[in-house]
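Enquirer: I'll drop the sequence and a predicted model, then ask my questions.
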Amino acid sequence: MKIEEERIFGNQNMGLILGKSFNRNYNLRLPFLDGFYNIGMFFNNKSPFLLFSVDPDFSSSKDLKHGVKINMFKNLESSKFCETFIDLHNYRSSNLDIVNQFKNIKNDYIDDINFIFNENLSLSKIQVDDNTFYEQLVLYGFTMTSFSSEFLFLVAERQSIVAKIKKKLVRSSALQISTTHAIKIIDEYSEEAKKAL
């Protein structure tokens with residue numbers, strides 16, 4: 001009822017209420033077509049779980065019919081973009097558990113995919129015995145060279161430390177923002193890659 005009242009009275013400061021599970025937020029503003037997307041990443045400084053928020057800002061756009069598709073991937077291996085263009089790293093040992101960490105752009109696609117940013121946010125420093133570990137949020141941004149204003153792929157990697165069992169967990173989620181035309185191009189690349197196998 002409170003939210004409805006705020007909407008009726010025109011309160012523009014309505015926020016997303018996520019509860020106690022999330023205590024950190026990191027925001028990016030990324031250009032797309034003739035506008036922007038404001039992307040938020042919500043997470044807990046003690047957990048690898050992460051949630052995206054996506055808010056379009058095409059306030060100066062004359063035509064709002066862009067045919068844009070937004071997808072979130074908790075499993076990067078299920079992304080056609082990753083399957084086609086990106087090498088992922090998985091590793092398990094007694095003190096390290098890595099699932100779907102970005103490794104590199106595949107050699108065959110170095111000219112087709114642009115690495116547009118890499119940001120690293122250190123959340124805390126943890127001492128376990130004689131070792132120092134860092135809780136981090138690492139962000140990788142990609143676009144397609146020929147469709148740089150029509151395609152964004154953001155990988156958010158959470159590195160968290162579970163001190164009780166002396167283990168570092170690395171988990172990645174991804175957000176894809178794409179026009180329908182750019183998705184068709186990725187489908188074509190994917191089909192060609194399968195034929196080459």
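Expert: It's in. Residues are numbered from 1 along each chain as shown.

Enquirer: With just CA atoms, put stretch 94-113 into CSV.
Expert: In CSV, the C-alpha atoms belonging to stretch 94-113 read as follows (Å, rounded to 0.1, in the frame of the first residue of the first chain):
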residue,chain,number,x,y,z
SER,A,94,41.0,-28.1,-1.6
ASN,A,95,41.1,-24.3,-1.2
LEU,A,96,39.7,-23.0,-4.6
ASP,A,97,36.4,-23.5,-6.4
ILE,A,98,36.1,-21.7,-9.7
VAL,A,99,33.1,-22.1,-12.0
ASN,A,100,32.8,-20.3,-15.4
GLN,A,101,35.5,-17.7,-14.9
PHE,A,102,36.3,-15.6,-18.0
LYS,A,103,39.6,-16.7,-19.4
ASN,A,104,40.0,-15.0,-22.8
ILE,A,105,38.4,-14.2,-26.1
LYS,A,106,38.9,-17.2,-28.5
ASN,A,107,41.7,-16.6,-30.9
ASP,A,108,39.4,-17.0,-34.0
TYR,A,109,37.3,-14.0,-32.8
ILE,A,110,39.9,-11.4,-31.6
ASP,A,111,38.9,-9.1,-34.4
ASP,A,112,35.1,-9.7,-34.0
ILE,A,113,34.8,-9.1,-30.3
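
Enquirer: Now do it, average pLDDT.
Expert: If you average the pLDDT over stretch 94-113, you get 94.

Enquirer: Report the buried residues of that stretch.
Expert: The neighbour-count check on stretch 94-113 (16 or more other C-beta atoms under 10 Å) flags 97-102, 105, 112-113 as buried. The C-beta positions use only the backbone N, C-alpha and C, and glycine is treated the same way.

Enquirer: And the longest helix seen in the chain, what's buried?
Expert: Longest helix in the chain by number of residues (criterion: DSSP state H): helix 180-196. For helix 180-196, a neighbour-count test (16+ other C-beta under 10 Å) marks 182-183, 185-186, 189, 193 as buried.

Enquirer: Now tabulate those in CSV and tack on pLDDT and distance to C82.
Expert: Converted to CSV, the buried residues of helix 180-196 look like this (pLDDT from 0 to 100; distance: C-beta to C-beta, whole Å):
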residue, pLDDT, distance to C82
A182, 94, 15
I183, 94, 14
I185, 94, 16
I186, 95, 11
Y189, 94, 12
A193, 88, 12
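
Enquirer: Between those, which sits nearest I70?
Expert: Among those, I183 lies closest to I70 (C-beta to C-beta), at 11.2 Å.
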